[in-house]
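>>> Here's my sequence, what's the structure:
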Amino acid sequence: TFAYKRMPFGLCNAPGTFQRCMMAIFDDMIEKTMEVFMDDFSVFGNSFSTCLTNLENMLKRCEDTKLALNWEKSHFMVKEGIVLGHKISKKGIEVDKAKIEVISKLPHPTTVKGIRSFLGHAGFYHREFDFKVIDTRGAENYVADHLSRLENPYENVFDPKEINKNLSSRISKQAGKEAIDILNACHSGPTEGHYKASYTAKKVFDSCFYWPSIYKDAFELVKHCDSCQRQGKVSQKDEMPHNFIQICEIFDVWGIDFMGPFLSSKGNKYILVVVDYLSKWVKAKTLPTNDARVVVKFLKSLFSRFGTPKAIISDRGTHFCNDQFSRVMAKYRVTHRLSTAYHPQTSGQVEVTNRGLKRILERTVGENRAS
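You can find the predicted model right below:
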C-alpha cells in the first residue's frame, strides 16, 4: 500500500490532517505550556526557568516523534515576537507595525482583482474597529440611492414624525360575528382549501385582520367543520407560529449546559456540553465540579480552537450567571443570552444533545459500571 512519508503540497485536506497530527502529538501540552498552529509552535512560561523546562519538554517530544525543526526560523527566550502576523508580548496582542506600513502604501485599486484584494484586507482587519452601520430602510427612502447620499442644506418637510410611528393606524374591534365570518371566508371559501387552524389564522393575518382570540377561534372553527372532520383527524395547532431561523455562520452561536451529577467515575461527576447551533457539532468534557472556574477554562480552550463566537446561550444556573463568567464574555465580546426560566425549549438544541448523550451512556455503561 502506498503512503506518503511527508505531507505533500496540493492536497485539499492537507492542512486539517497536519493540524490534527500536531494536536495529537502535543495534546497534553497545548494551552498549558505551548500553543500549536500548523507548523508554528509557541512555548511560554511565567519565568525563565519554567520556560526553559517547557522548551526542553517540547524538544524532547519532537525528538521522540521524529519531528524536524528549522533552526533558522526558530527564536528562543524572547519577551515578544511575531506570531501569525500579530505582535505578542506581555501587553497582549498588538498589530504588527510592518503590516500597517504595507497597507498604508498600497496603491489605489484600479481593477476587479485589485478591489477584491483590498476587500480581503479590510474584511480581515475590520474586527479591530468597533463600528455600527446605520442605513435607511427602503420603505422610508423616498429618493434614488445616489440622490439620498447628497447633502441637503434645507429642512426636509417630509421627515417622518415620531407620533406617526407610535400611534396605531387601525381600529380595534371586539371579536364577534364579523370575526367568525372572516374565519369562514379564509377557511372554507371557494379557493381557500380547508387548511388547518394555524394556516387559517395566517390567512386572516395576510388579509390585515387581527383579534386576541384568533387562534382559539380558528381551532374551534376547524374542529366543528364537517368537511375537515370527515377527511381526517385535526390536531390542535393554536400556538404562535415559529420564527424563521436567523442566518449565521458556523461556530457563531453555541449552546452550553451541564449534565449531572452522576455517580463518580475517576473523580468526575459532571459533563459540560456545548453544541454549535448551525453545524450541530458537539463538544463534551467530564469535570469533577460544575463551578464557574471550570466553565471559564473550558470556554477559553473552545475559543482557541474554534474562534470567538458571537453569542452563547445558557440557562440561568449560578455556574453561568456570575462575575467571572461575565468578565470573560466582555473580554472576548461575546453576547451571553439566557434562556427563559422554567422553559428549557429556549435552549432546545443543547437539551436535545444532552438527551442523546444520556442515551449513549445508558447503552454503553452497564448497571455494574464495569462493562
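>>> Please list all residues in contact with the closest residue to residue 314 other than its chain neighbours.
Excluding its sequence neighbours, the residue lying closest to residue 314 (CB to CB, 6 or more residues apart in numbering) is residue 320, at 4.2 Å. Where C-beta positions appear, they are placed from N, C-alpha and C, glycine not excepted. By CB atoms under 8 Å, 6 or more residues apart in numbering, the contact list for residue 320 reads 256, 292, 295, 314, 336, 338.
>>> Pull up the gap between the second one and residue 262, please.
Looking back up the chat, that one is residue 292. Going from residue 292 to residue 262 by CB to CB, to the nearest Å gives 20 Å.
>>> The two: who's more crowded?
residue 292 (19 against 14; other CB atoms under 10 Å).
>>> quick one: the helices in the stretch 251-371 of the chain?
If you assign secondary structure with DSSP state H, counting those that start in this stretch, the helices in the stretch 251-371 of the chain sit at 292-306, 323-331, 348-364.
>>> same thing with the stretch 101-250 of the chain?
Using DSSP H, counting those that start in this stretch, helices in the stretch 101-250 of the chain cover 112-125, 145-148, 162-166, 177-188, 197-206, 214-223, 226-231.
>>> Now tabulate those helices in TSV and tack on mean neighbour count and distance to residue 303.
Conversion of the helices of the stretch 101-250 of the chain to TSV gives the following (neighbours: other CB atoms under 10 Å; distance: least, CB to CB, whole Å):
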stretch	mean neighbour count	distance to residue 303
helix 112-125	11	18
helix 145-148	10	39
helix 162-166	7	40
helix 177-188	16	50
helix 197-206	19	41
helix 214-223	19	43
helix 226-231	11	53
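>>> The ones you listed: lowest mean pLDDT?
Between the helices of the stretch 101-250 of the chain, the one with the least mean pLDDT is helix 162-166; it has a mean of 55.
>>> Where does the prediction get shaky in this protein?
Confidence mapping of the chain against pLDDT under 70 gives the ranges 127-128, 140-149, 152-175, 190-193, 227, 230-247, 363-371.
>>> Distance-wise, check the closest residue in space to residue 96 that isn't next to it in sequence relative to residue 81.
Of all residues not flanking residue 96 in the chain, residue 87 sits nearest, at 5.2 Å (CB to CB, 6+ apart). In this view, residue 87 and residue 81 are 8 Å apart by CB to CB.
>>> between those two, which one's more packed in?
residue 87 (17 against 11).
>>> May I ask which helix or strand encompasses the more buried one?
strand 86-89 (DSSP states H and E).
>>> List the neighbouring strands of that strand plus their orientation.
Here strand 86-89 has these sheet partners by DSSP bridges: strand 81-83 (antiparallel), strand 92-95 (antiparallel).
>>> closest one to residue 150 among the ones you listed?
strand 92-95 (35.8 Å; CB to CB).
>>> Nearest residue to the middle of the protein?
By CA atoms, centre = their mean, the chain has its centre lying nearest to residue 253, at 1.6 Å.
>>> Buried deepest among the strands paired with strand 86-89, which one?
Of the strands paired with strand 86-89, the one with the most neighbours on average (mean count of other CB atoms under 10 Å) is strand 81-83, at a mean of 13.
>>> Could you pull up the contacting residues of residue 307?
So residue 307 contacts residue 251 (CB under 8 Å, 6+ apart).
>>> That one and residue 276, how far apart?
In terms of CB to CB, residue 307 sits 11 Å off from residue 276.
>>> Need the overlap of contacts for the two.
By CB under 8 Å, 6+ apart, the residues touching both residue 307 and residue 276 are residue 251.
>>> And residue 209, how far from residue 185?
From residue 209 to residue 185 the distance is 10 Å (CB to CB).
>>> What is the neighbour count of residue 72?
Neighbours of residue 72 (other CB under 10 Å): 5.
>>> Could you look up the SS state of it?
With DSSP: H, G, I helix; E, B strand; the rest coil as the basis, residue 72 sits in helix.
>>> and it, what does it touch?
For residue 72, no residue meets the contact criterion (CB under 8 Å, 6+ apart).
>>> quick one on the thing from earlier: just the buried members of the contacts of residue 320?
For those, a burial check counting by 16 or more other CB atoms under 10 Å picks out 256, 292, 295, 314, 336.
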